[in-house]
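# Predicted structure and sequence below. I'll ask about it afterward.
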Amino acid sequence: MLNPDENVRYVKGVGPRLAEKLGKLGVVTVSDLIYYIPRRYLDRSNVIRISDIKVGEEVTVVGEVKAAKKSITPRQHRKVLNVDIFDGSGYLSGVWFNQLYHADRLTVGTEVAFSGKAVFNYGRLQIINPSYDILREKEDPVHTGRIVPIYPAVAGLSSNMIRRLIKNLIDSGVKVKDPLPQDVIKKNDLMAILPAVRQMHFPDDMLVTSKARRRLVFDEFFFLELGLALRKNRLEQTNKGISHKTEGGLVKQFLDGLPFKLTDSQRKVLSEIAEDMRKSAPMHRLLLGEVGSGKTVVAVAALVMTVQSGYQGAIMAPTEVLAEQHALRLKELLPSTIRSVLLTGGQTSTEKRGIREDIKNGDVDVVIGTHALIQEGIDFKALGLAVVDEQHRFGVRQRISLREKGRMPDILVMTATPIPRTLALTLYGDMDVSILDELPAGRQEIETIVADQKHRDDAYDLIRQQIRMGRQAYVVCPLVDESDKIQIKAASVEVERLRTKVFPDFKVGLLHGQMKREEKDAVMRGFRGGILDILIATTVIEVGIDVPNVTVMLIEDAERFGLSQLHQLRGRIGRGEHKSFCILFADPVTEDAEERMKAIEKISDGFQLAEEDLKIRGEGQLFGPRQSGMPDLRIASLVRDMKILITARDQAFDIIRKDPVLSRPENTLMVDEVKKRFAEGAEWLFSG
């Protein structure tokens, strides 16, 4: 009987070569294979005969590939793949555009399941871009049974092969200890772990699969939240922070000197932050805010509070452009008695050496910088508050590194990327959350238009019209230089075309992340000052750029951007008193891309858009490399499993309230499970 921690190569039928392929799927141990859950099931009782299909229906059919033909459409010059299948009752074609690679898998003789909407074109039944699963390859016949588990696969490792390996593992037996306490299992009416695993892979029926999945989803959420609860408790209970003086002459001077009134939402959030900063426990707060909701002003107010209390403050931004924007903004907002300085990697050694000395000696009150802030040799005399902007660009470790620059300073994390509540409960479950959900008065409506190439001249005419009215425009391209592999607009090429052929009467500038700091500074000064009419840029302008006179943004190849990124980019306009326009040139070839374009065109609220984005793309790697140490969700879905998440979170935090460091004997298995799931990030749970 195998141990879950043993290498997967010891499973019957695996061996070193197959183990290497499994490793590409993240399957390294026996436990990884046990929890390599099917992405869906094919229930043969729900499969329809091709002869019984009605046009317009969503159907699943199973048949044998009889032919795969490639062609090119005469007008649009699109490459087309037609794959014909036969199920004994009739023929049906799967049709793909510009996706000929499917022919490598859909070879003649392969048994396949096609799913999608049936249409009738050119005298035959078709499904356009069907989702499909290989059920039986001609050289690899496998008994599929009534309910067939379909697994994610890679080249050289089919769903069939994975199914057989998991069957071998379960039949031979594996030691699986149940890490959940019995009272939690009983209270939440959960299946035992071993039956749940068996039923997820080889279900007796779909009803029991639902119960098995609920158990595994609960486990994923529970141990994630247990780790976050451990972290939050450790920060609050075992570390003594700074008790700030949040009211006084300097804070009053700052607030009275603002050229605008704070929104109700800003006042509420600032009150929450001030309450945290007054406490002796270190603040660990996330500030979620819509694009343009005024997060920076709130953060600056908190920085004034820490300076008033005799400490230093810091803001860490992900890019030099954003750090420079913050430095300019703080010069405008901070009282003249507060000394601020900018520190970035692009500065000379002499400049950085002088700044480091000023920081160490306490001759600087507020430091604005990039990752340079957390490098060795940066020592604060008395860091009281660290602000991390655009948190999704950083990770847990960078956050900790910044905190270690002081003696338990308060941490305020900001992001303009709207996050669904479920995601906030997972990504930032160790933090308190404040939300800015109100835009300042005067923000203008942004009209968003998804366009194709035949409307390009109209878009250029709109830009000309706006510039002649005294406005400015952005043109955003996904790349800096042309790529032979991906033929999409490149900023460096596009700028020459627009300068010479499209807008010869206007001043056109270029901004991208590969430019030297002096070049970027010069371009931004020219654009802010109105010398440049049009700025061609990459996504370096995604965050932090604030030029109220810009009323048009044109985004090339918009289907290649995520919804969150498109919303961030769109948030760079509509900041002045004039109506603004965001034009998205797109040629979506996938269903997901089409859904994204529809969503960005009709939804302006960032939080609503974030929920839609989650539905469209799924969770993916939620925590990714930048959130290293956080376990990815393999089974759970934030969209469909929110109720389970909330229940699991409540249970986890309740356990930590009763046993803050899980020292009781009955909780030993939970400690082991948390460490295993957080893997290399486990030290983050138990360190300050």
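Sure thing, it's come through.

# residue ranges for the helices of the stretch 251-400 of the chain, please.
264-278, 295-308, 320-333, 349-361, 396-403 (DSSP state H, counting those that start in this stretch).

# And the ones you listed: which comes nearest residue 79?
helix 320-333 (39.4 Å; Cβ to Cβ). Bear in mind the C-beta positions are built from the backbone N, C-alpha and C, glycine included.

# in that closest one, what counts as buried?
Within helix 320-333, the residues that count as buried by 16 or more other Cβ atoms under 10 Å are 320, 321, 322, 323, 324, 325, 326, 327, 329, 330, 333.

# Would you convert those into TSV that also reports pLDDT and distance to residue 663?
Output for the buried residues of helix 320-333, formatted as TSV (pLDDT from 0 to 100; distance: Cβ to Cβ, whole Å):
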residue	pLDDT	distance to residue 663
320	80	46
321	75	48
322	79	44
323	85	43
324	84	49
325	80	48
326	86	44
327	89	47
329	85	47
330	90	45
333	89	48
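
# my guess is residue 58 contacts residue 114, does it?
No. Using Cβ atoms under 8 Å, residue 58 makes no contact with residue 114, being 11.5 Å away.

# Mind checking which of those two has more residues around it?
residue 114 (23 against 9; other Cβ atoms under 10 Å).

# From residue 359, how far out is the more buried one?
63 Å (Cβ to Cβ, to the nearest Å).

# Residue 127 too?
63 Å.

# cool, and residue 592?
On the measure of Cβ to Cβ, residue 592 and residue 359 end up 46 Å apart.

# the more surrounded of those two?
residue 359 (24 against 12).

# Enumerate every residue touching the more buried one.
Contacts here follow Cβ atoms under 8 Å, 6 or more residues apart in numbering; on that basis residue 359 touches 312, 341, 343, 367, 378, 379, 380, 381.

# which stretches of the stretch 51-200 of the chain aren't confidently modelled?
75-76, 136-146 (pLDDT under 70).

# what ranges do the helices span in it?
159-172, 182-187, 193-201.

# how about the ones you listed in CSV, adding mean neighbour count and distance to residue 272?
Shown next, in CSV, are these (neighbours: other Cβ atoms under 10 Å; distance: least, Cβ to Cβ, whole Å):
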stretch, mean neighbour count, distance to residue 272
helix 159-172, 19, 49
helix 182-187, 13, 32
helix 193-201, 19, 40
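
# Of all the ones you listed, which one is nearest residue 5?
Using Cβ to Cβ, the helices of the stretch 51-200 of the chain put helix 159-172 closest to residue 5, at 14.0 Å.

# and the closest one, how far out from the chain's middle?
Computed by Cα atoms, centre = their mean, to the nearest Å, the separation of helix 159-172 from the middle of its chain amounts to 33 Å.

# What is it packed up against?
When contacts are defined as 3 or more Cβ pairs under 8 Å, 6 or more residues apart in numbering; DSSP states H and E, helix 159-172 packs onto helix 30-34, strand 131-136, strand 147-150, helix 193-201.

# angle of the helix ranked longest in the chain against helix 193-201?
Counting by DSSP state H, the longest helix found in the chain is helix 206-237. When axes from the mean of the first three to the mean of the last three Cα atoms, to 10 degrees is applied, the directions of helix 206-237 and helix 193-201 differ by 130 degrees.

# Mind listing what's buried along helix 206-237?
Neighbour-count burial for helix 206-237 flags 208-209, 211-236 (criterion: 16+ other Cβ under 10 Å).

# before we move on, back to that, give me the buried entries from the contacts of residue 359.
312, 341, 343, 367, 378, 380.

# ok, the fourth one - contacts?
Just to be clear, that refers to residue 367. So, once contact is read as Cβ under 8 Å, 6+ apart, residue 367 ends up touching 312, 313, 314, 315, 340, 341, 342, 343, 355, 359, 373, 380.

# Quick one: residues contacting the second one.
This means residue 313. Applying Cβ under 8 Å, 6+ apart, the residues near residue 313 are 302, 303, 306, 307, 365, 366, 367, 383, 384, 385, 386, 387.

# do that again at 7 Å, thanks
Neighbouring residues of residue 313 by Cβ atoms under 7 Å, 6 or more residues apart in numbering: 303, 306, 307, 365, 366, 384, 385.

# How many residues are close by the last one?
Spelled out, it's residue 385. 28.

# so how many other residues sit close to the closest residue to it other than its chain neighbours?
Spatially, and ignoring its direct neighbours in sequence, residue 385 is nearest to residue 306 (4.0 Å; Cβ to Cβ, 6 or more residues apart in numbering). Look at residue 306: counted by other Cβ under 10 Å, it has 27 neighbours.

# Residue 306 and residue 580, how far apart?
From residue 306 to residue 580 the distance is 36 Å (Cβ to Cβ).

# Shouldn't residue 433 be within a strand?
Yes. Per DSSP: H, G, I helix; E, B strand; the rest coil, residue 433 lies within a strand segment.

# ranking the helices of the stretch 251-400 of the chain by burial, who's on top?
The highest mean neighbour count among the helices of the stretch 251-400 of the chain, using mean count of other Cβ atoms under 10 Å, belongs to helix 295-308: a mean of 25.

# Could you pull out the buried residues of stretch 432-445?
433, 434, 435, 436, 437, 438, 439, 440, 443.

# Wait, the second one touches residue 274, no?
Put plainly, it is residue 434. No. Applying Cβ atoms under 7 Å, one finds residue 434 not in contact with residue 274, separated by 11.2 Å.

# Tell me the pLDDT of residue 6.
On pLDDT, residue 6 comes in at 88.

# That one: neighbouring residues, count only.
14.

# before we move on, what SS does the nearest residue to residue 579 once chain neighbours are set aside have?
Leaving aside its chain neighbours, residue 579 sits nearest to residue 444 (5.5 Å; criterion: Cβ to Cβ, 6+ apart). When classified by three-state DSSP, residue 444 comes out as coil.

# so how far is residue 451 from residue 444?
For residue 444, the distance to residue 451 - Cβ to Cβ - is 21 Å.

# what about stretch 248-255, average pLDDT?
92.

# Can you dump the C-alpha atoms of it in PDB for me?
Coordinates of each C-alpha in stretch 248-255 appear next as PDB, following Å, rounded to 0.1, in the frame of the first residue of the first chain:
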ATOM      1  CA  GLY A 248      -3.300  66.700  15.400                       C
ATOM      2  CA  GLY A 249      -2.100  69.900  13.700                       C
ATOM      3  CA  LEU A 250      -0.300  68.200  10.800                       C
ATOM      4  CA  VAL A 251      -3.200  66.000   9.900                       C
ATOM      5  CA  LYS A 252      -5.600  68.900  10.100                       C
ATOM      6  CA  GLN A 253      -3.300  71.100   8.000                       C
ATOM      7  CA  PHE A 254      -3.200  68.300   5.300                       C
ATOM      8  CA  LEU A 255      -7.000  67.800   5.300                       C
END
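
# How far away from the center of its chain is that stretch?
Worked out by Cα atoms, centre = their mean, stretch 248-255 lies 38 Å from the chain centre.

# Residue 178 and residue 190, how far apart?
For residue 178, the distance to residue 190 - Cβ to Cβ - is 10 Å.

# Sorry, wrong one. I was asking about residue 128.
41 Å.

# Compare these two (neighbour count), which wins?
residue 190 (20 against 15).

# What are the neighbouring residues in contact with residue 546?
Here residue 546 is in contact with 325, 575 (Cβ under 7 Å, 6+ apart).

# sorry, back to before: by contact count, what packs against the longest helix of the chain?
When contacts are defined as 3 or more Cβ pairs under 7 Å, 6 or more residues apart in numbering; DSSP states H and E, helix 206-237 sits against helix 193-201, helix 642-658, helix 668-678, helix 682-686.

# In a helix, residue 458, correct?
Yes. Residue 458 sits within a helix when classified using three-state DSSP.

# Within its local environment, how many residues does it see?
Residue 458, neighbours per other Cβ under 10 Å, totals 11.

# Skipping its backbone neighbours, what lies nearest it in space?
Leaving aside its chain neighbours, residue 458 sits nearest to residue 451 (7.7 Å; criterion: Cβ to Cβ, 6+ apart).

# Show me how far whichever helix or strand residue 522 is part of is from its chain's centre.
Taking DSSP states H and E as the criterion, residue 522 maps to helix 517-528. With Cα atoms, centre = their mean as the basis, helix 517-528 stands 30 Å off its chain's centre.
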